[in-house]
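Chemist: Please find the sequence and the predicted model below.
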Amino acid sequence: MPTVSFGSSEAMRVGDEVIAMGNPFGLGGTVTTGIVSAKDRNINAGPFDEFIQTDAAINRGNSGGPLFNSQCQVIGVNTAIYSPSGGNAGVGFAVPSDLVSKIVADLQDDGQIDRGWLGVQIKPVSEDVASVLGLDEGQGTQVEKVIADTPADKAGLKADDIVLTFDGTEIKIARDLTRAVANTAPDTTSEIEILRKGERMTLAVTLANRATAQDA
């Protein structure tokens, strides 16, 4: 059967033209056009949200259809809409192709999705804590609890530590850490920069596999 190739969702810019294809209301092969309205949208569908938002008409039945760039490469997979009425309201969402490519390759490898797992519960840094520690707004996320006998525990992380970076990725909000850890292969040793009682330090942590680790 004919196939289409993946393009880079990371290379897409807000305002770039896109084409959505799908099967809305049973009307197979329907094509609509629009632009990338936003990137990295969190719609509270899960801990790894990073959807592409588009105003290309997406309706019920479009899910699973491709979102093409102007070179006819798939840069997203249509997934959800925001609509008070259930019909198209110009706010649709697609899973980025860069993420889809990783998941497909992982499933082809061993039939399961392997994500890194740290073993902490986290929360936003409060204004009071940020003020006391001299942190800028939107800098770091706070460790609320370290689960016993997990990679975080073995690495020496403690409750109330402020995570600033993970493997070079700047952590601004809680889900930045969740995604950075999940996108790192299990059994990988990474550096995590923290702020503890006003002192910066770097710890080495070897991640476990989220698929086999105890949920927390």
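Modeler: Ah, there it is.
Chemist: Next up, phi/psi of Ala180, please.
Modeler: Dihedral angles of Ala180 (phi, psi; degrees, to the nearest 10) stand at phi -60, psi -40.
Chemist: Based on its surroundings, how many neighbours for it?
Modeler: By other Cβ atoms under 10 Å, the residues close to Ala180 number 21. The C-beta positions use only the backbone N, C-alpha and C, and glycine is treated the same way.
Chemist: Kindly tell me how buried Leu157 is, as a neighbour count.
Modeler: With other Cβ under 10 Å as criterion, Leu157 counts 21.
Chemist: which residues does it contact?
Modeler: Leu157 sits next to 120, 143, 146, 192, 194, 203, 205 when contact means Cβ atoms under 8 Å, 6 or more residues apart in numbering.
Chemist: And stretch 33-49, what's buried?
Modeler: 34, 36-37, 39, 41, 49 (16 or more other Cβ atoms under 10 Å).
Chemist: what's next to that stretch, contact-wise?
Modeler: With Cβ under 8 Å, 6+ apart as the criterion, stretch 33-49 contacts 12-20, 50-57, 79-80, 82, 90-91, 93, 96, 99, 175, 178-179, 182.
Chemist: Of the buried residues of stretch 33-49, which is the nearest to Glu199?
Modeler: Nearest to Glu199 among the buried residues of stretch 33-49, counting by Cβ to Cβ, is Asp49 at 32.9 Å.
Chemist: Which segments of the chain make up each domain?
Modeler: For the chain, automatic domain parsing gives the domain ranges 17-110, 116-209.
Chemist: Let's have the ones you listed in CSV, adding distance to Ser8 and mean pLDDT.
Modeler: Shown next, in CSV, are the domains of the chain (distance: least, Cβ to Cβ, whole Å; pLDDT from 0 to 100):
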stretch, distance to Ser8, mean pLDDT
domain 17-110, 6, 89
domain 116-209, 16, 90
